[in-house]
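Trainee: here is my input, please return the structure:
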Amino acid sequence: MPCESCGSDLIVLIDAKCNDLCCVQYGGLEHDGYLPRGFQIGDMDYISLKICYSCGKLQGIIPMTDEEIREIIS
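Mentor: The predicted structure follows:
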């Protein structure tokens, strides 16, 4: 599947398991443990990223506001 931004085929899929050892930091907030739901990069122990190495954009990520991110982390 081509990049959503530039159309390149240089897409790398990275799947990882973090075993509840995920740390998320944002604007003075910190969350340790399972990956919080809502970040569009996985769920609980599993992280899945698609990255275009032509333009550097993550694939399938919908922009969020500061308020939405803070709600996910807290």
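
Trainee: grab the nearest non-local neighbour of Lys50.
Mentor: If you skip the residues right next to it in sequence, Lys50 has Gln59 as its closest partner in space, 3.8 Å away by CB to CB, 6 or more residues apart in numbering. Backbone N, C-alpha and C define where each C-beta goes, glycine included.

Trainee: correct me, but the one you found touches Cys52?
Mentor: Yes: when contacts are counted by CB atoms under 8 Å, Gln59 is listed as touching Cys52 (6.5 Å).

Trainee: the strands in this protein, which residues?
Mentor: Along the chain, the segments classed as strands by DSSP state E run 11-17, 22-26, 29-33, 42-43, 46-52.

Trainee: as JSON lines, those strands with distance to Ser74 would be great.
Mentor: Converted to JSON lines, those look like this (distance: least, CB to CB, whole Å):
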{"stretch": "strand 11-17", "distance to Ser74": "24"}
{"stretch": "strand 22-26", "distance to Ser74": "10"}
{"stretch": "strand 29-33", "distance to Ser74": "6"}
{"stretch": "strand 42-43", "distance to Ser74": "18"}
{"stretch": "strand 46-52", "distance to Ser74": "20"}
